[in-house]
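Undergrad: This is a predicted model, with the sequence first.
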Amino acid sequence: MTYTVYAILSAVIGVLLLFMHKDRQDHRRHVESLQEERQKLLDRIQAPSFDHYKQAEVKVIKAQKEEPKREGDLIPV
């Protein structure tokens, strides 16, 4: 009888720990997305003008598009 109670309690604790782990992962993802959004807003606010901000944003997008091309050009020897 006591072994059954211990097994049930262990299972419940395991499920609760798994739920807490998944909840923390979701929370971390949410915090990371908020930090990215905050950084974008700070960049926009601190830019001297909207044109300056847009030019910097376009440069970043172009740099991200060029990176995969460079990796594809590498040939293993």
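TA: Sure thing, it's come through.
Undergrad: residues near A47, how many?
TA: For A47, the neighbour count with other CB atoms under 10 Å is 15. Yep, even glycine has a C-beta here, placed from its N, CA and C like the rest.
Undergrad: Reduced to three states, what does I61 come out as?
TA: State at I61, reduced to three classes by DSSP: H, G, I helix; E, B strand; the rest coil: helix.
Undergrad: From the contact counts, what lies against the least confident helix or strand in the chain by mean pLDDT?
TA: Lowest by mean pLDDT, DSSP states H and E among the helices and strands of the chain is helix 50-73, with a mean of 80. In this structure, helix 50-73 packs against helix 2-46, with contacts taken as 3 or more CB pairs under 8 Å, 6 or more residues apart in numbering; DSSP states H and E.
Undergrad: by contact count, what packs against the helix it packs on?
TA: In this structure, helix 2-46 makes packing contacts with helix 50-73, judged by 3+ CB pairs under 8 Å, 6+ apart.
Undergrad: Residues touching the helix it packs on, excluding its own?
TA: Contacts with helix 50-73, where a contact means CB atoms under 8 Å, 6 or more residues apart in numbering, come from D43, R44, A47.
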